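Chemist: got a sequence here, can you model it:
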Amino acid sequence: MPKKTKPPLDLERLRQDIVFDAELLGHRLNFHTTWGLFSPKAIDDGTQLLLNHLEVRPDDHALDLGCGYGPLGLAIACAAPRGGCLMVDKDFVAVDYANANAKRNHIGNAKAMLSDGLNQVDTGPFTLAVTNLPAKTSKEHYYLFFHDIRENLVPGGRFYVVVITGLREFIARAFVEVFGNHRKIKQGRQYTVAMAERSK
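Modeler: Reported below is the predicted structural model:
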């Protein structure tokens, strides 16, 4: 009996943008993404949980660290019409897609920059910072993020993170160490949202 052969890959289709709509913070947004970016086919559960428990003020000057194609940052920019959001990522493909998605959705108060953490960012200070922390990186890397974000927040500025629930105790310890405070906003089975404030 002859072996069944797999149909050839449709490479042209794979090279096309992945396109979907999502309602985030009450705004309907259209996203174009591509293979290789995080969660390219839909808004991931961690980002959705963070958005469900995120307080955005109309005049927030926000930072989205590790923005990917822009779901957090663009949603925040829509919710902060008198402020805006700077999105940063170390992946130039993510930055290109985030900026294209801002233009596509007519969001003029959001832009993405290529940066390793906050090393290339000089547009602070910020009143709000958010990140969907990658699970597969070192704790030293997290500490660099946390210290840099604290230094770039105004007094009273808020920092929200979403992490896999297995990291929640580390986040609590690190936030107390770096910020002097920690508040668990929501713990789910897979993800936990936490917040810290810069006190001075």
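
Chemist: chain center to the worst-scoring helix or strand of the chain on mean pLDDT: distance?
Modeler: In the chain, no helix or strand scores lower on mean pLDDT, DSSP states H and E than helix 11-15, which sits at a mean of 82. Relative to the mean C-alpha coordinate of its chain, helix 11-15 is positioned 27 Å out (C-alpha atoms, centre = their mean, to the nearest Å).

Chemist: residues in contact with it?
Modeler: Under the criterion C-beta atoms under 8 Å, 6 or more residues apart in numbering, residues residue 35 lie in contact with helix 11-15. The way it works is simple: take the backbone N, C-alpha and C, and place the C-beta from them, glycine included.

Chemist: and the strands in the protein?
Modeler: For the chain, the strands defined by DSSP state E occupy 18-24, 27-33, 61-65, 84-89, 110-114, 126-132, 153-164, 183-187, 191-197.

Chemist: now these in a markdown table, with mean pLDDT and mean neighbour count?
Modeler: Formatted as a markdown table, these follow (pLDDT from 0 to 100; neighbours: other C-beta atoms under 10 Å):
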| stretch | mean pLDDT | mean neighbour count |
| --- | --- | --- |
| strand 18-24 | 96 | 14 |
| strand 27-33 | 97 | 17 |
| strand 61-65 | 97 | 26 |
| strand 84-89 | 97 | 26 |
| strand 110-114 | 97 | 20 |
| strand 126-132 | 97 | 25 |
| strand 153-164 | 97 | 20 |
| strand 183-187 | 96 | 14 |
| strand 191-197 | 97 | 23 |
